[in-house]
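Visitor: Have a look; sequence and predicted model below, questions after that.
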Amino acid sequence: MRLKQESVQQSQFDMPRFNMIEQQIRPWDVLDGAVLGLLAKLPREAFVPKQYLGLAFADLEIPLGDGQLMLSPKMEGRILQSLEIKKTDKVLEVGTGSGYLTALLAMQAKHVVSVELNAKISKQAAKNIAAQGIENVNLVVADGAQGLLANAPYDVIVFTGSTPLLNTQVERQLAVGGRLFVVVGEAPAMEATLITRISADNFKTDVLFETCLPAIVNAPQAEKFEF
């Protein structure tokens, strides 16, 4: 009886999930078949707070409590597509949130270390991820605004919130060939940026698109000039 009930619950989300992919994510230039397949496979509704279950596939950021938000589906899709994650990659995620993006990263990578400053949110994310049988994730409760040097280098680093400035020490936690996704700037002028470490001392920066995200806690701030 339980299996039948779970099957019914799953089927009720099939059409909203399909519409999310076809009406939100594809039109935002997320066309990578592997990424779309992951978004279709991993149950997003299992990572959304129960009171917002009806918004699980909506084109918006969902509150997680304590002022934190779950990224919109199309943003998650663009992040995954831009990073081109490989099965051998070691990933650092700054800002665990609901654990949904963490799980998506883990389904592509060898291992994910995800840092979250809020212990309560990290604990819930751990439950969400474990419920999906995903084991190649290490959740750390810490301030990740400057990355996590202890486990560096990483093949991929993802910031799930924006930062007015990016401290160069985060870039240097990348392995050669590694990629960093981060939204840089202050509202209303923020840029989703992909930084690739070309060699020990050389980095390539590509601005992918304009967007607006809440800043991560303790993000480096630009100097304010007073006249």
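Guide: It's in.

Visitor: Touching, Leu166 and Phe181? I think so.
Guide: No: with contact defined as CB atoms under 8 Å, Leu166 does not count as touching Phe181 (11.1 Å). All C-beta atoms are positioned from the backbone trio N, CA, C, and that covers glycine.

Visitor: Now the common contact residues for those two.
Guide: By CB atoms under 8 Å, 6 or more residues apart in numbering, Leu166 and Phe181 have these common neighbours: Thr193.

Visitor: Show me what counts as buried in stretch 118-131.
Guide: Within stretch 118-131, the residues that count as buried by 16 or more other CB atoms under 10 Å are Asn118, Ile121, Ser122, Gln124, Ala125, Ala126, Asn128, Ile129.

Visitor: Over to stretch 217-224?
Guide: Residues Ala219 are the ones in stretch 217-224 that count as buried (16+ other CB under 10 Å).

Visitor: host element of the residue nearest in space to the middle of the chain?
Guide: By CA atoms, centre = their mean, the chain has its centre lying nearest to Leu101, at 4.3 Å. Element membership for Leu101, per DSSP states H and E: helix 100-108.

Visitor: out of the buried residues of stretch 118-131, what pair is the most spread apart?
Guide: Asn118 and Ile129 (15.7 Å; CB to CB).

Visitor: The top helix by length along the chain vs helix 100-108, what angle?
Guide: Identified as the longest helix of the chain according to DSSP state H is helix 119-131. For helix 119-131 against helix 100-108, the angle by axes from the mean of the first three to the mean of the last three CA atoms, to 10 degrees is 40 degrees.
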